[in-house]
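Undergrad: Give the three-dimensional model of this entry:
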Amino acid sequence: MYRLVFILSFFCLLFMGENVLSFMGYGIGISESPFWQKLYPSIYFFLFLIIGLFFKRIRVLFNTIKRIKFYLLIFSLLIIFSIFSLKSVPISFLPNNFFLPILVLITLSCSTKEEIKIARKILILFFVLSSLLAIFEKILHIHIFSSGFLRNNISIGEFRSTSFNDHPLNNSLITSVIMGFLLVSEMKLFNKITLFMLGYVALLCFGSRSSSGLMILFLIVFIFKYQSLHKASGSFCIKKNTFVLYFLFFTATVIISVLLFNSSIADRILNNLTIDKSILARVDVFNILRYLSFKEFVFGVNTDLIISYMRVSGLGNHIENFWILWVLWFGIPFTILLSYYFISFCWKLISNYSSFSKKFVFAVFFVIASTNNSLAYSTTVISVFVLCAKVLQDGFLSRKELA
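TA: Numbering: from 1, shown residues only. This next block holds a predicted model:
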């Protein structure tokens, strides 16, 4: 029974984004829906798993909770602040974004090696199916799971896939995080680059210019670092692996170039290389801070004032920067606390990684997240980061990679 719930929990975490849940009649993202539907259903699955761990592996469970009690305390403080401050923080934001990752971490920290392998297979399956679904949606110009994003009257060039996680930016951030971890994992080099190529084509389908451009830069960094670390060795295995690396990179360049210039798969990227409204919105968002009083900088702003400030700042309906929205919701002191939670929590997850791998995967997540507004709304990306860190162990210099 526990094993079945374990599998369902990770399937639910990865495959049931807001568009899939809405398609199934689950009212997440709808203000009129009951409170229990504002939370990701995977939260309930993982809570059930942890109850099971209480009876199966109580000592390991308590030791794990002791190690993360500081983050539970910070989360509790943020919840108390959001309830009693009467500000505009969505009640589901903190549990979905910051409590669910804790539940995932507790579960995986108490899991057996066999269960870790199962979680790894589910993660890879999700990455492949999500990427293929994005490509399929782009080619056919349809959203398989009816999405609230760009649903009607979209030209082929402006169409953006939504796959399993609704908004294209949310999908691209999740995909990029997995791609980063895959590159430094214990996988064979051929498998790494092949999956990277698949994920990159999916990024083009999501139409995320920042993710597409940055992931190419991160791939180049990986290639140069890989080459420099193995340059001193003259073994046949290393030479063969280096040849494979460059061959796959060349092949990927050719395939991506063909996709870019001979199909509609990335029209949005190529047709908008100049500065457009979405790029300007990421710059103009800082104008809203000019209207805040000292008190609002400290304690945050209520919903009506945020809407008013957005109108006078010409920002429309969205704030394209999660850091700014955190300041508006929580004020600077609690934003610092939340940022510490976010950065420290993710960094400690990869503390046992090699120096390069640690900096590499953290940079992928942090840099792309900072160009992306996904963390301003409910998302499973931090939970996915936890999953990757626990099941895709660092193997950048391992023998498996060189096989």
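
Undergrad: Under a three-state scheme, what state does the spatially closest residue to residue 17 that is not a sequence neighbour occupy?
TA: Spatially, and ignoring its direct neighbours in sequence, residue 17 is nearest to residue 165 (3.5 Å; CB to CB, 6 or more residues apart in numbering). Using the backbone N, CA and C atoms, a C-beta is placed for each residue, glycine as well. Using DSSP: H, G, I helix; E, B strand; the rest coil, the structure places residue 165 in coil.

Undergrad: what's the burial count for residue 165?
TA: 31 (other CB atoms under 10 Å).

Undergrad: now swap in residue 45 and tell me
TA: 22.

Undergrad: I'd say residue 106 and residue 60 touch.
TA: No. Look at residue 106 against residue 60 with CB atoms under 8 Å: they stay out of range, at 9.7 Å.

Undergrad: Now do the shared contacts for those two.
TA: residue 53 (CB atoms under 8 Å, 6 or more residues apart in numbering).

Undergrad: Comparing those two, which residue is more hemmed in?
TA: Ranked by neighbour count (other CB under 10 Å), residue 106 and residue 60 place residue 106 first, with 23 against 14.

Undergrad: Can you say which helix or strand has the more buried one in it?
TA: helix 100-109 (DSSP states H and E).

Undergrad: Mind checking the pLDDT average for that helix?
TA: Regarding helix 100-109, the rounded mean pLDDT is 95.

Undergrad: Using CSV, write out every CA atom in it.
TA: Taking Å, rounded to 0.1, in the frame of the first residue of the first chain, the C-alpha atoms of helix 100-109 are listed here in CSV:
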residue,chain,number,x,y,z
LEU,A,100,5.3,20.9,-0.4
PRO,A,101,9.1,20.8,-1.0
ILE,A,102,9.6,20.0,2.8
LEU,A,103,7.2,17.1,2.5
VAL,A,104,9.0,15.8,-0.6
LEU,A,105,12.4,16.1,1.2
ILE,A,106,11.1,14.3,4.3
THR,A,107,9.7,11.5,2.1
LEU,A,108,12.8,11.0,0.1
SER,A,109,15.1,11.3,3.1
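
Undergrad: residues making contact with that helix?
TA: So helix 100-109 is contacted by 6, 9, 13, 40, 42-43, 46-47, 49-50, 53, 60-61, 64-65, 67-68, 71-72, 75, 116, 119, 345, 349, 380, 382-383, 385-387, 390-391 (CB under 8 Å, 6+ apart).

Undergrad: repeat for stretch 344-355
TA: 71, 101, 105, 184, 357-358, 361-362, 365-366, 382, 385-386, 389-390, 394, 396-397.

Undergrad: returning to what we had before: next, the angle from the helix or strand following the helix holding residue 106 to helix 100-109.
TA: Using DSSP H and E, the next helix or strand after helix 100-109 towards the C-terminus is helix 113-140. Between helix 113-140 and helix 100-109, the angle comes out at 130 degrees (axes from the mean of the first three to the mean of the last three CA atoms, to 10 degrees).

Undergrad: Helix 113-140: how far from the chain's middle?
TA: 14 Å (CA atoms, centre = their mean, to the nearest Å).

Undergrad: Would you mark the buried spots in that helix?
TA: 115, 118-120, 122-124, 126-127, 130-131, 133-135, 137-138 (16 or more other CB atoms under 10 Å).

Undergrad: go on, stretch 11-24?
TA: 12, 13, 14, 15, 16, 17, 18, 19, 20, 21, 22.

Undergrad: How far does it sit from its chain's centre?
TA: Counting by CA atoms, centre = their mean, stretch 11-24 comes out at 15 Å from the chain centroid.

Undergrad: So for it, mean pLDDT?
TA: 92.

Undergrad: Stretch 191-200 now?
TA: Per-residue scores along stretch 191-200 average to 89.

Undergrad: Going forward, the N-terminal residue is numbered 182.
TA: Yes, from this point I'll number from 182; that puts the last item at stretch 372-381.

Undergrad: Report the backbone C-alpha coordinates of it in PDB.
TA: Below are the C-alpha coordinates for stretch 372-381, written out as PDB (Å, rounded to 0.1, in the frame of the first residue of the first chain):
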ATOM      1  CA  ASN A 372      22.100  10.000 -22.600                       C
ATOM      2  CA  LYS A 373      22.700  13.300 -21.000                       C
ATOM      3  CA  ILE A 374      23.100  15.200 -24.200                       C
ATOM      4  CA  THR A 375      20.200  13.400 -25.900                       C
ATOM      5  CA  LEU A 376      17.900  14.300 -23.100                       C
ATOM      6  CA  PHE A 377      19.200  17.800 -23.100                       C
ATOM      7  CA  MET A 378      18.500  18.200 -26.800                       C
ATOM      8  CA  LEU A 379      14.900  16.900 -26.200                       C
ATOM      9  CA  GLY A 380      14.400  19.400 -23.400                       C
ATOM     10  CA  TYR A 381      15.800  22.200 -25.400                       C
END
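
Undergrad: Mind listing what's buried along it?
TA: 373, 374, 375, 376, 377, 378, 379, 380, 381.

Undergrad: Would you point out the most distant pair within these?
TA: 373 and 381 (12.3 Å; CB to CB).

Undergrad: Tell me where the model's unsure across the protein.
TA: Residue ranges of the chain with pLDDT under 70: 266-271, 328-338, 411-466, 495-499, 576-584.

Undergrad: The same query, at a cut-off of 80, please.
TA: 208, 210-214, 216, 263-272, 327-339, 407-472, 483-488, 490-502, 553, 574-584 (pLDDT under 80).

Undergrad: hmm, who's touching the strand or helix carrying residue 261?
TA: Element membership for residue 261, per DSSP H and E: helix 250-265. Contacts with helix 250-265, where a contact means CB under 8 Å, 6+ apart, come from 246, 270, 272, 274-275, 279-280, 283, 510-511, 515, 518-519, 521-522, 525-526.

Undergrad: just how off-centre is the following helix or strand past it within its chain?
TA: Counting by DSSP H and E, the next helix or strand C-terminal to helix 250-265 is helix 274-275. With CA atoms, centre = their mean as the basis, helix 274-275 stands 15 Å off its chain's centre.
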